[in-house]
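Asks: just to be clear, the model below is a prediction. Sequence and coordinates:
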Amino acid sequence: MYIYSCPHSVSAVLKLALEALHTIDQEADALCGLSDAIWDNPELCYQETVSSALQRSFLEERGFHVDSPAFGIPTAFTATFGSGNPKIGILGEFDALSCMSQVADVAEERPLEEGASGHGCGHNLLGTAAVGAALAVKRYLEETGESGTVVYFGCPAEENGSGKAFMAREGAFSDLDCALTWHPGSLNKIYSDSSLANVMTLYHFKGKSAHAAAAPECGRSALDAVELMNIGVNFLREHVVQEARMHYAITNAVCPPMWSRRKPMSCIWCGFQTWSNSASYRSG
Ligand SMILES: [Zn+2]
């Protein structure tokens, strides 16, 4: 592990920090433009082609070396400046949420296009501000001439699709000395805890067709199977550790009842859990 020993006095560090903030102020208009452009092109997980390209060209124009695509994901990329250690990763996201279309600068629900995607939790800001932070670290490295590398990670699919998990599996973060990210929220605070693990499973149920009035005994309903499973899992809630969360969605339930639900049906179950804490609950 790299141990960083700062060669500067406290007042010098404060001065450098103010200069870094000044760098962000100087880029404020460009950063706001980048955020607005991503807001105007809301793209769902792994489809963030415009948003990823906007960030890549922004960083390339400002002297970062861009590698794209990265880690086997078409919309993932890295933008690097500097050399040597410490190697600092700054993680940014840019994916949108489905059915969250919203007119900008309006504090009430007003879809720009009914049912379309939108940036419900501020990933247009999230990735852009992380880009701003990477610019500030670049400025610091340029000003001081110190050894160090800043890597901005364009991270797809934060909302749905576990983009960073696949990036980590490819070793994206393994040689970093630290990784930083942020998320818009109602409080301005430092969050250094871990979050719940996420396991998502897609179940398919198949029925057997029969006329619902003339020969109902010959049919087998996929929908009934989905309902039975959901009831069972809902009873299971009483017996899981308190960190466990279970959610589901029925993704294709449209089928006339007279067909006895022959059509295959899908049901997604998501389980979330903090394994480290649950172990201590069991032993305690
Ligand atoms: Zn979010």
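Replies: It's in. Numbering: from 1, shown residues only.

Asks: which other helices and strands contact the host helix or strand of G89?
Replies: In this structure, G89 sits in strand 87-93 according to DSSP states H and E. Using 3 or more C-beta pairs under 8 Å, 6 or more residues apart in numbering; DSSP states H and E as the contact criterion, the elements in contact with strand 87-93 are helix 123-144, strand 148-155, strand 178-180. C-beta: built from backbone N, CA, C; applies to glycine.

Asks: tell me the most buried of those?
Replies: Each of the helices and strands packed on strand 87-93 was assessed for mean neighbour count using mean count of other C-beta atoms under 10 Å. The highest is strand 148-155, with a mean of 25.

Asks: now do that one and helix 123-144, the angle between them.
Replies: Interaxial angle, strand 148-155 versus helix 123-144 (axes from the mean of the first three to the mean of the last three C-alpha atoms, to 10 degrees): 170 degrees.

Asks: so where does S57 fall, helix or strand?
Replies: Taking DSSP H and E as the definition, S57 sits inside helix 49-61.

Asks: so which elements touch that helix?
Replies: Judged by 3+ C-beta pairs under 8 Å, 6+ apart, helix 49-61 is in contact with helix 28-40, strand 65-67, strand 77-83, helix 123-144, strand 148-155.

Asks: could you dump these to CSV with distance to I90 and mean pLDDT?
Replies: Supplementary listing: the helices and strands packed on helix 49-61 in CSV, determined by distance: least, C-beta to C-beta, whole Å; pLDDT from 0 to 100:
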stretch, distance to I90, mean pLDDT
helix 28-40, 14, 96
strand 65-67, 14, 98
strand 77-83, 9, 97
helix 123-144, 5, 93
strand 148-155, 5, 97
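
Asks: out of the ones you listed, which is closest to A12?
Replies: Taking C-beta to C-beta as the criterion, helix 123-144 is the member of the helices and strands packed on helix 49-61 that comes nearest to A12, at 9.4 Å.

Asks: ok now the closest one, how far from the chain's centre?
Replies: 19 Å (C-alpha atoms, centre = their mean, to the nearest Å).

Asks: re the thing from before, can I get the strand holding G89 in PDB, CA atoms only?
Replies: The C-alpha atoms that make up strand 87-93 are tabulated as PDB, following Å, rounded to 0.1, in the frame of the first residue of the first chain:
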ATOM      1  CA  LYS A  87      -2.900   6.800  -8.000                       C
ATOM      2  CA  ILE A  88      -6.300   8.200  -7.200                       C
ATOM      3  CA  GLY A  89      -9.500   7.000  -8.800                       C
ATOM      4  CA  ILE A  90     -12.500   9.300  -9.200                       C
ATOM      5  CA  LEU A  91     -15.700   7.500 -10.200                       C
ATOM      6  CA  GLY A  92     -18.500   9.100 -12.200                       C
ATOM      7  CA  GLU A  93     -21.800   7.900 -13.500                       C
END
